[in-house]
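**Student:** Prediction below, plus the sequence it came from.
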Amino acid sequence: MLNQYETVFIMTPVLSDEQMKETVKKFRDYLINKGAEIIFDDCWGMRKFAYPIHKKSTGFYNLIEYKADPSVIRDFEVTFKRDERIMRFLTVKLDKHAIAYNEKKRKKAKEEKSEE
């Protein structure tokens, strides 16, 4: 039984654009290798924090929405903890309402892009 999850992680701001993309690719590849299905991936870019984290005031945010077996999540989060480029991460299991909301939001964003 695959559950749908959403993971947001913050990477240190000292990374170059190439290093940031490489880090995101590492975690995407990890999920794919464990049999997860990537539904959506979004880079939110550099954001300012409300309070300092590791003496830094900004970081690169990234969101990955995916379907995976629950057994994958523990090892996935351990991988985040072992990577010094990751400052914070949060994984949330989505219920049917959150899934519907995300699909509606993506559809609306896609329509807005096509109008431009």
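**Tutor:** That came through, no problem.
**Student:** can you tell me the helix or strand for the residue nearest to residue 79 when sequence neighbours are not counted?
**Tutor:** Leaving aside its chain neighbours, residue 79 sits nearest to residue 30 (5.9 Å; criterion: C-beta to C-beta, 6 or more residues apart in numbering). Where you see a C-beta, it was placed from the backbone N, CA and C, and this is true even at glycine. Assigning secondary structure by DSSP states H and E places residue 30 in helix 17-33.
**Student:** orientation of the helix or strand immediately after that helix in the chain relative to helix 17-33 in degrees?
**Tutor:** Per DSSP H and E, helix 17-33 leads on to strand 37-53 as the next helix or strand towards the C-terminus. Here strand 37-53 runs at 130 degrees with respect to helix 17-33, directions being taken by axes from the mean of the first three to the mean of the last three C-alpha atoms, to 10 degrees.
**Student:** Shouldn't residue 84 be within a helix?
**Tutor:** No - with DSSP: H, G, I helix; E, B strand; the rest coil as the criterion, residue 84 is located in coil rather than a helix.
**Student:** For the residue nearest to it when sequence neighbours are not counted, report the pLDDT, please.
**Tutor:** Counting by C-beta to C-beta, 6+ apart, the nearest residue to residue 84 once its immediate chain neighbours are dropped is residue 12, at 7.8 Å. The predicted local confidence for residue 12 comes out at a pLDDT of 94.
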